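S.K.: Sequence plus the predicted model coming up.
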Amino acid sequence: MGDELLSMKKIVEKYKDEWVLIEYEELDEDLNVKKGKVIAHSPRKDEIYARLSETRGKNVAIEYTGKLPEDLAVMF
């Protein structure tokens, strides 16, 4: 899965309404992902957080590609 370098726009299109674990290649000035490789994707965020232990030493980001509910709280 994670060999193809994609723009964030393509990631959003390809994995609509999913949580995505991305090994990023490029960030913008606000630290938003511009390009990266998708390591994992799922409609369930707990599945993505479970995969974080596999990413030690990599530059990664977790993004949601849909509209976040207004009452959602994300804990780090």
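M.R.: Everything's here; your move.
S.K.: Confirm for me that I22 is in contact with K37.
M.R.: Yes: when contacts are counted by Cβ atoms under 8 Å, I22 is listed as touching K37 (6.8 Å). Backbone N, C-alpha and C define where each C-beta goes, glycine included.
S.K.: Comparing these two, which residue is more hemmed in?
M.R.: I22 (25 against 18; other Cβ atoms under 10 Å).
S.K.: All the strands of the chain, in order from the start?
M.R.: All strands of the chain, identified by DSSP state E, fall at 5-7, 19-27, 33-42, 60-64.
S.K.: I'd like the ones you listed written out as CSV, with mean pLDDT added.
M.R.: Shown next, in CSV, are the strands of the chain (pLDDT from 0 to 100):
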stretch, mean pLDDT
strand 5-7, 97
strand 19-27, 96
strand 33-42, 97
strand 60-64, 96
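S.K.: what about those, which gets the closest to A50?
M.R.: Of all the strands of the chain, strand 33-42 sits nearest to A50, with 8.9 Å by Cβ to Cβ.
S.K.: Please work out which residues outside the closest one touch it.
M.R.: 1-8, 11, 14-15, 18-28, 47-48, 51, 54-55, 60-61, 63 (Cβ atoms under 8 Å, 6 or more residues apart in numbering).
S.K.: ok, and for it, which residues are buried?
M.R.: By 16 or more other Cβ atoms under 10 Å, the buried positions in strand 33-42 come out as 33, 35-42.
S.K.: partners of that strand in the sheet?
M.R.: Paired neighbours of strand 33-42 in the sheet (DSSP bridges): strand 5-7 (antiparallel), strand 19-27 (antiparallel).
S.K.: Report pLDDT for F76.
M.R.: The model reports F76 with a pLDDT of 54.
S.K.: swap in D30?
M.R.: 94.
S.K.: which residues does it contact?
M.R.: Contacts were defined as Cβ under 8 Å, 6+ apart; by that measure D30 touches no other residue.
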